[in-house]
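In: Below: sequence and its predicted model.
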Amino acid sequence: MNLYPYGDHIRDPLKAYGTTILAVQRHGKAVMAGDGQVSIGDTIMKHRANKLRFMFKEKVLAGFAGAVADAFSLFERFEARLEKYNGNLTRAAVELAKEWRTDKVLRRLEALLLAMDREHILIISGTGDVIEPDEPVAAIGSGGSYALAAARALLSHSDLDARAIAMESMKIAASICVYTNENITIHEIEEGN
């Protein structure tokens, strides 16, 4: 009996990928933040990488955790799905997850995607998962749980706006996770998009 449906390649959907990406929605604002650190093993290779991308007429934001080449391949496929489904984030995410899970080459990709528009936040994985969190916040990467915990606390116990919550949460994650730095990029989906 094969315990690993992907053959010899063991994919752990909960594997921590070395980075932190955070999405926050509050009071009609939708922001995504990412740190700039690129690590190979225990060596920092770059401090100011941009792991976030606007898509579909700047109506969708996506960020990645994992191998950079794999993430760029997924970005291209995701963007094509967004175009095909006229910016419908949920439909594009489901179609990408189906292809990612069933394609022999794609299913070996080591990355997670976090995507959002003004209404939805989705985590997309190669195991076929498309997860929309209950709260208006989600995070991925090795520092994701720290940023997520901080953002949830700030959402519940402060009047900060989405951008400030994202910044403070990312700073907290950077102070705990060795694979996350304080070179933080924050993008916001503008009103009307």
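Out: Thanks, I have the structure now.
In: Who's the closest spatial neighbour of residue 38, skipping the chain neighbours?
Out: residue 46 (3.9 Å; Cβ to Cβ, 6 or more residues apart in numbering). Glycine gets a C-beta too; all of them are placed from N, C-alpha and C.
In: Tell me, what's the model's pLDDT at residue 193?
Out: On the pLDDT scale, residue 193 is placed at 67.
In: Bridged to the residue most central in space within the chain, which residues?
Out: Computing the C-alpha centroid of the chain and ranking residues by Cα atoms, centre = their mean puts residue 114 first, at 2.6 Å. Here residue 114 sits in beta bridges with residue 63, residue 123, going by DSSP bridges.
In: you'd agree residue 161 is up against residue 26?
Out: Yes - assessed by Cβ atoms under 8 Å, residue 161 is found in contact with residue 26 at 6.2 Å.
In: how many neighbours does the residue nearest to residue 38 have?
Out: Using other Cβ atoms under 10 Å, residue 46 has 13 other residues around it.
In: so it makes contact with residue 37?
Out: Yes - look at residue 46 against residue 37 with Cβ under 8 Å: they come within range, at 7.1 Å.
In: so what's the spatially closest residue to residue 44 that is not a sequence neighbour up against?
Out: Nearest non-adjacent residue to residue 44, counting by Cβ to Cβ, 6+ apart: residue 37, 6.0 Å away. Applying Cβ atoms under 8 Å, 6 or more residues apart in numbering to residue 37 gives the contacts 18-19, 44, 46-47, 49, 179-181, 183.
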